[in-house]
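Colleague: give the three-dimensional model of this entry:
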Amino acid sequence: MESSTKPSVSLIGAPTDIGAGSRGASMGPEALRVAGIASALRARGLDVLDLGNLTGPANPWQAPVQGYRHLEEVVAWNQSVHDAVFQELEQDRLPVLLGGDHCLAVGSISAVARHCRARGKKLRVLWLDAHADFNTNTLTPSGNLHGMPVACLCGTGPQALIELGGHVPALSPKWVRQIGIRSVDEGEKRLVHDADLEVFDMRYIDEMGMRAAMELALALVDANTHLHVSFDVDFLDPEIAPGVGTTVRGGPSYREAQLCMEMIADTGKLASLDVVELNPALDIRNRTAEVAVDLIESLFGKSTLMRK
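Modeller: Predicted structure coming up:
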């Protein structure tokens, strides 16, 4: 059930599209602010501190080198994210990373894993995404590092990224639950299978329903569990969330996404959050940012009725 003390939230902007295949995710943090993320969370009774934006290298928009695009810049951004997220966790605040593209999850989740190791907590990562993000430099068709963060966190990737949190691998695949997946590259499928990642893809959700998927994804979450949600906005069906660079048809509906968020909120264990891949350059009048903020409100406990 909901915990009695409300967390203090720190918003951390990371305005970069350094790992993405299209430009524009760098504008994501500001779009979320314009959509009212801070005031929406304050309306939930939360103490919200907006720490502004991190800074990092510009996007040189170059071709891949040895299967990676912009590796040096990606490492720099992720180091900044790691340090900022870790600092907020150490102060017992709940960091919300406003991306930016999904490569930044290497920095945020490696910081969360480091924090959990230091505090003796179990970690559960809920990866809400259309994509498995388990690519490698030898398999990737593009070299874009936003397709590789889960592999990097699980110990497969460039040395500078997999070592970011001081522990390799930062994560065991057993700690990850992927939800909403509907696009996995051919070679990537084998890696996901071999890693034994627990994936609730759209076929599972179609057949069994979001409720069954979330009950399993949240199974064994207890008082000593740190729950991290990595919310790639392309998790949502493009009909309701057009403002992303990598749309894939057939995602969760608005109502399915709300249920997903509400069931996470019901655990009372949410302790860190990434909101990534929002691309205002591809959006319609900031609609996708507004939907994202609406769902984040539910993630922090907004519901239609007072639940017993």
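Colleague: where does the closest residue to Asp83 other than its chain neighbours sit: helix, strand or coil?
Modeller: Among residues not flanking Asp83 along the chain, Ala111 sits closest, at 7.6 Å (Cβ to Cβ, 6 or more residues apart in numbering). C-beta: built from backbone N, CA, C; applies to glycine. At Ala111, secondary structure determined by DSSP: H, G, I helix; E, B strand; the rest coil is helix.
Colleague: what residues are up against the nearest residue to Val276 once chain neighbours are set aside?
Modeller: Among residues not flanking Val276 along the chain, Gly99 sits closest, at 3.4 Å (Cβ to Cβ, 6+ apart). By Cβ atoms under 8 Å, 6 or more residues apart in numbering, the residues touching Gly99 are 14, 16, 25, 28-29, 274-278.
Colleague: rerun that using 10 Å as the cut-off
Modeller: Gly99 makes contact with 12-17, 19-20, 25-26, 28-29, 32, 77, 81, 105, 108, 146, 230-233, 274-278, according to Cβ atoms under 10 Å, 6 or more residues apart in numbering.
Colleague: try Ser108
Modeller: Neighbour list for Ser108: 12, 14, 78, 81-82, 84-86, 89, 95-97, 99-100, 149, 153, 228, 230, 272-274, 276 [criterion: Cβ under 10 Å, 6+ apart].
Colleague: so of these, which ones are in strands?
Modeller: Among those, DSSP state E puts 12, 14, 95-97, 99, 228, 230, 272-274, 276 in strands.
Colleague: how much space between the residue lying closest to Gly166 once chain neighbours are set aside and Ala281?
Modeller: Spatially, and ignoring its direct neighbours in sequence, Gly166 is nearest to Arg114 (6.3 Å; Cβ to Cβ, 6+ apart). For Arg114, the distance to Ala281 equals 34 Å [Cβ to Cβ, to the nearest Å].
Colleague: of the two, which one has the most company?
Modeller: Per other Cβ atoms under 10 Å, whichever of Arg114 and Ala281 has more neighbours is Arg114, with 20 against 15.
Colleague: could you measure from that one over to Ser26?
Modeller: Separation of Arg114 from Ser26 (Cβ to Cβ) stands at 26 Å.
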